[in-house]
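Colleague: need coordinates for the below:
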Amino acid sequence: MIRAFLRTATLVVALATVPAMAADVGRDPYVAAPYGGFTWTGFYVGANLGYLWGTVTNAGFNHSGVAGGGQAGYNWQVRSFVFGAETDLQLTGAQDTVGGFKFSNPWFGTLRARAGYAMNNILLYATAGIAYGGGQIDFGAVSESHSDFGWTVGGGMEVALTPHWSAKAEYLYVDLTGQNYALTGLTHAIHSNVLRLGGNYRAGRRIRAGRENQPINRRGCAVAALELPRSS
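Modeller: Alright, predicted model coming up:
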């Protein structure tokens, strides 16, 4: 399942760049402007869908399931370096049953810093911050749930497809500290891996300051026109 998801994520990101590149074929000749024209600076909102799998300490639970939700954040770009912050909230179907006990991780969220390197409309980044979420154990008709806090770290790649829309593939490791569960008489911490695909929307102008009068290609990137020699 994980290998298939990885292949799908790689294929989606690779194919996402093809239409934008093909759209420029056949247009007037130009050469790329130095450093490109797309800027990652600004606010964004988006959604994601992926897969979560992990383990629970002091138990034999290996929870897994689909996870999806939304995110919002802000980026600040300095030349080719991008810094920012992002928050997200996820619902998951991750669960497992062992010996009549059912464990589930129905939701989690994060608040993270991001830092990355931009190659025009392609951004590679690392991310880390705090995490929080819910753990639940059911035994028969009895249910017990707790809210946990912890940390997260990960990374990903984001590709701007148009001046306002981008697609991303991202991995997170989420570590939620242990809580005491009366049903088991033990402390259980939740360790999870999250692999997901997502999309973001950015409002406002997407061209770097100082490049307002340059021609723009269909990817929203400033370009420098190639002057052809005039016939005498």
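
Colleague: CA atoms for contacts and neighbours, from now on please.
Modeller: OK.

Colleague: so what's the residue most central in space within the chain closest to, chain neighbours aside?
Modeller: Centroid check for the chain by Cα atoms, centre = their mean gives Glu170 as the closest residue, at 4.4 Å. Of all residues beyond its chain neighbours, the one nearest Glu170 is Gly156 (4.2 Å), with distances taken as Cα to Cα, 6 or more residues apart in numbering.

Colleague: ditto for Phe81
Modeller: Nearest residue to Phe81 in three dimensions, chain neighbours excluded: Tyr117, at 4.8 Å (Cα to Cα, 6+ apart).

Colleague: same thing with Tyr171?
Modeller: Leu195 (4.6 Å).

Colleague: circling back to that earlier point, tell me, how many residues neighbour the residue nearest to Phe81?
Modeller: Burial measure for Tyr117: 18 neighbouring residues, criterion other Cα atoms under 10 Å.

Colleague: ok so, going back, what's the host helix or strand of the residue nearest to Glu170 packed up against?
Modeller: Remark: Gly156 resides in strand 142-160, with elements defined by DSSP states H and E. In terms of contact count using 3 or more Cα pairs under 8 Å, 6 or more residues apart in numbering; DSSP states H and E, strand 142-160 is assigned the packing partners helix 2-22, strand 122-139, strand 165-181.

Colleague: returning to that earlier point: doesn't Leu52 make contact with the residue nearest to Tyr171?
Modeller: Yes: counting by Cα atoms under 8 Å, Leu195 sits close enough to Leu52 to count as a contact (6.6 Å).

Colleague: what's the spacing between the nearest residue to Ala131 once chain neighbours are set aside and His164?
Modeller: Nearest-residue entry for Ala131: Thr110, 4.3 Å, with adjacent residues in sequence omitted and distances by Cα to Cα, 6+ apart. The span separating Thr110 from His164 equals 24 Å under the rule Cα to Cα, to the nearest Å.

Colleague: looking at the two, which one has more neighbours?
Modeller: When neighbours are counted by other Cα under 10 Å, Thr110 comes out ahead of the other of Thr110 and His164, with 24 against 17.

Colleague: the inter-axis angle of the helix or strand containing the more buried one versus strand 142-160?
Modeller: Taking DSSP H and E as the definition, Thr110 sits inside strand 101-119. Between the axes of strand 101-119 and strand 142-160, defined by axes from the mean of the first three to the mean of the last three Cα atoms, to 10 degrees, the angle is 20 degrees.
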